[in-house]
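A.B. asks: Need the 3D shape of this:
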Amino acid sequence: MSSLERVTRTYASDNMVERENSAKELGEASTSINPALSEDLKSFIEVIHTLASDPEIYVRQVVAEQIAVVLETLQLGTEHSDELLTLLDVLIQFCSDSDQKVRHNNHNAILSLINGTKYKDDITRLCCDTIKKLSTKDSPFQIKADAILLLSRIVPNIEGDVLMQEFSELFHEFTHDTMHDVRRAFAYACKELCPVLGVDNTQKSVVGLFLHLCLDDFWSVRKACCEVFDKVSGSCNSVTRENDLTEHFLKLLSDNSRWVRKAAFESLGPFLSTFYNPEEALDDTPPSKTDSQVDPEPLNTDETELSENSDIDIQSNENASEECVDSQRAQVVTQANRDDDSQNDFSHFNYWRLPVPNLGESELEEILAVSLIKDETFPRPLYGLEDPFEEREEEVLDSSGFDQSWDFHKCLKQNEDNVDMSLELSMDDPIPALVYNQTRVPSRLLVEYLLMIDQKKIQHVDTDLPMKCAYSLPGVAITLGRENWPCLKSLYFNLASELQWKIRRCLACSLHCLAQIYGPEITATDLVSVFDTFLKDIDEVKSGIISHIGEFLEILPSDMCLKYGPVLPSLKNPDNKNNWRYRLAFAEQLVSLVKQFPLEKSIEYFQPLMLDLGHDPVSEVRDTASKILVFMLNFLYKEDNGEYFDRLVEQIISEFAHQGKWLYRLQFVKICQLCLEEESNKISIEVFSEKFMRDLLTLAKDKVPNVRLVTGHLLYKISASQDWVAEIEHTTGLARTMELLKEDNDQDVRGSVGEER
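C.D. replies: Predicted coordinates for the structure are as follows:
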């Protein structure tokens, strides 16, 4: 029984399982329909309409999935488009279905039809009309929210002016809907709507509504606004972005809801990246390698840097702790001074409170010791800046009822002579001035971004803030430009010394991007130390560096790049020998590494690595190494360096063609095949015949059928090309070998040379 017969027999069954199975076979049954037979097509469409109206949810869910397959199958070569267009009524019917999964399956079907069939315009027009009908005030909020979702998914197929004309009034209704689910759905839809509308239409019809949603009473709506903030910002002009959007985003960063704050900080880096100005970037082009000796601007050398050997040693944390304590003391003294200056306006002693007990020296020392222990637990806030938007901590009252935090400030004020030096260092720190003086991004947003690694901020918002900060760092860096590297320098070093390896891996994967942004001078003075440290890190971090090591070394000055030559071969093997993807990433970088060094150095450092990787136990690594060996052969042939070329050919033959392990002999055949397939800068047919043909013909008699099979494929390809055959010296041997392979006892080998099996 065919699938079409089963569908027509069971679609009206009283058994729900049979009707569900019938719906699952609609796509397969449609292939048996002859579109030329109008009656068969009409009866089949009637079956679909019946199943689409089934009272069981599961049946309708399956029909919603299969309807797109049916339309894609029947649209080819049919003249009955009117009958097929009636199936679009099923799609419209499912848009208002009571079950959410049916509606979502229907959305997927609509998208597949829009992108893959000739009914694109018809479906888009019907969807727009349906969305407007489902968006009336009388519609259930679930239906209305899914209508907004459908609009956001089909909006790339609608022109911006048409979208503005058809839905601008609905945008206002969505924003002021009484149900927060609808308002949240529209907030998410802004991510897709704004790029299509363009800057002018977005400014006119969306920005004001979006900012209204940013102040919504429901935290889920504000959270949705945070998640799409960067997309909306990218479709606004610079004035709106710097004024209105910035002010509202700062409010979201200090929102009462922890979920909103988390989403806001996750979007902070992407939002800062929308301030990127291409015109400023043209003026900020980093110098080339030849200009690397000229320092375009003095860098701040007082910042905490990594050691000259580029090792971030854990032992150095003890000294850092002492500096952290001094800096914390200085900050508290500064805050105490500010508190004293404002006591004329407001003082706790102007109002009733429990009397403050007199403390002796022993009590003061005990309080100070406890506070310093607490300071050592958390690292110093970045740059010694206080968070202007951080909520004040709750007052901690001891058992006697007095404000311990106030007494702590007073105690430190009495001992401020002991921390004068730390205070002086904090006041002389130039980084805050650079943060506030830069004009690329709003300074308050940049301060919030720099504080994403502050421990109090992490506890107050989310533990993943440093990871989000590291992930968005390249975008923020290119937005700030090269001259503002000191603003991010301390932040970058703090992230590079994080204990979480995922953060270090994120930085390792993007280190080459920062090198390209900042140029050779800053790369050599600041980023090389982090690069060296990551090379000594665990495999997960080191693999991020290895994946782009060629791009990073390309930025370095030539003399510094040459120093890494002897070190690179030692990086081939990871700590975990089973980590073959690490070796694959290293092999893929060898081509770019060869170009960074002189020919003699490249052969000395990397040629043994290529041969070694060609013997890797993983096939993909061996194949990549073979491509690199062929690249090296063509490179030496192009350079007309016969000595190095002949030496490499001899090594390839001895290391692969004459090896006892059949996998290596098979790899030699693949190398020969790559030599002939190279489109440009390849060795000539005469040279290939002279160097490789004799050993290749020998492998046609190999005892392993797999080797003979691949050899037969290659020899058959060579013999089929008259140009190749005319240039090959071993034509007679080739013909005799082909006859031998045609008589091989293995059926697949005979088939590889064109012999019928």
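A.B. asks: Stretch 62-79: which residues count as buried?
C.D. replies: 62-75 (16 or more other CB atoms under 10 Å). Every residue, glycine included, has its C-beta placed from N, CA and C.
A.B. asks: do the same with stretch 567-578
C.D. replies: 568, 571, 572, 574.
A.B. asks: Can you check what pLDDT the model gives the third one?
C.D. replies: I take that to be residue 572. pLDDT, residue 572: 87.
A.B. asks: for the first one, same thing?
C.D. replies: The predicted structure scores residue 568 at 90 on the pLDDT scale.
A.B. asks: Tell me the spacing between it and residue 501.
C.D. replies: Using CB to CB, to the nearest Å, we find residue 568 at a distance of 22 Å from residue 501.
A.B. asks: What of the last one?
C.D. replies: Computed with CB to CB, the distance linking residue 574 and residue 501 is 14 Å.
A.B. asks: After the one helix or strand in the chain whose mean pLDDT sits lowest, heading C-terminal, what element do we hit next?
C.D. replies: Ranked by mean pLDDT, DSSP states H and E, the helix or strand of the chain with the weakest confidence is helix 420-427, at a mean of 33. Where DSSP states H and E defines the elements, the next helix or strand beyond helix 420-427 is helix 431-437.
A.B. asks: Give me the number of neighbouring residues for residue 121.
C.D. replies: If you count neighbours by other CB atoms under 10 Å, residue 121 ends up with 10.
A.B. asks: Surely it is within a strand?
C.D. replies: No - counting by DSSP: H, G, I helix; E, B strand; the rest coil, residue 121 is not part of a strand but helix.
A.B. asks: distance of it from residue 154?
C.D. replies: 12 Å.
A.B. asks: and for these two, which residues touch both?
C.D. replies: Common contact partners of residue 121 and residue 154 (CB atoms under 8 Å, 6 or more residues apart in numbering): none.
A.B. asks: Mind picking the two most distant members of the buried residues of stretch 567-578?
C.D. replies: Greatest spatial distance in these: 568 and 574, 14.1 Å, computed using CB to CB.
A.B. asks: Help me confirm that residue 745 is found in a strand?
C.D. replies: No - assigned with three-state DSSP, residue 745 falls outside any strand and is coil.
A.B. asks: Counting neighbours, what do you get for it?
C.D. replies: Counted with other CB under 10 Å, the neighbours of residue 745 add up to 7.
A.B. asks: So what does it look like in phi/psi?
C.D. replies: phi -80, psi -10 (degrees, to the nearest 10).
A.B. asks: start at 27 instead
C.D. replies: Got it, first residue is 27 now, which makes that one residue 771.
A.B. asks: show me where the stretch 527-676 of the chain has helices.
C.D. replies: Here the stretch 527-676 of the chain has its helices, by DSSP state H, counting those that start in this stretch, at 527-548, 554-561, 565-572, 575-581, 584-588, 606-614, 616-622, 625-639, 645-664, 668-678.
A.B. asks: what's the angle from the longest one to helix 554-561?
C.D. replies: For helix 527-548 against helix 554-561, the angle between stretch directions is 150 degrees (axes from the mean of the first three to the mean of the last three CA atoms, to 10 degrees).
A.B. asks: got the CA coordinates for helix 527-548 in CSV?
C.D. replies: Extracted in CSV, the C-alpha atoms of helix 527-548 (Å, rounded to 0.1, in the frame of the first residue of the first chain):
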residue,chain,number,x,y,z
TRP,A,527,40.4,29.7,32.0
LYS,A,528,37.4,30.4,29.8
ILE,A,529,38.0,34.2,30.2
ARG,A,530,41.7,33.7,29.3
ARG,A,531,40.7,31.6,26.3
CYS,A,532,38.3,34.3,25.1
LEU,A,533,41.2,36.8,25.3
ALA,A,534,43.5,34.4,23.6
CYS,A,535,41.1,33.9,20.6
SER,A,536,40.9,37.7,20.1
LEU,A,537,44.4,38.7,20.8
HIS,A,538,45.3,39.0,17.1
CYS,A,539,42.3,41.3,16.7
LEU,A,540,43.7,43.7,19.3
ALA,A,541,47.1,43.5,17.6
GLN,A,542,45.5,44.5,14.3
ILE,A,543,43.7,47.4,15.9
TYR,A,544,46.6,48.8,17.9
GLY,A,545,49.5,48.1,15.5
PRO,A,546,53.0,46.9,16.0
GLU,A,547,54.2,49.5,18.6
ILE,A,548,51.5,48.8,21.2
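A.B. asks: Mind listing what's buried along it?
C.D. replies: Within helix 527-548, the residues that count as buried by 16+ other CB under 10 Å are 529-548.
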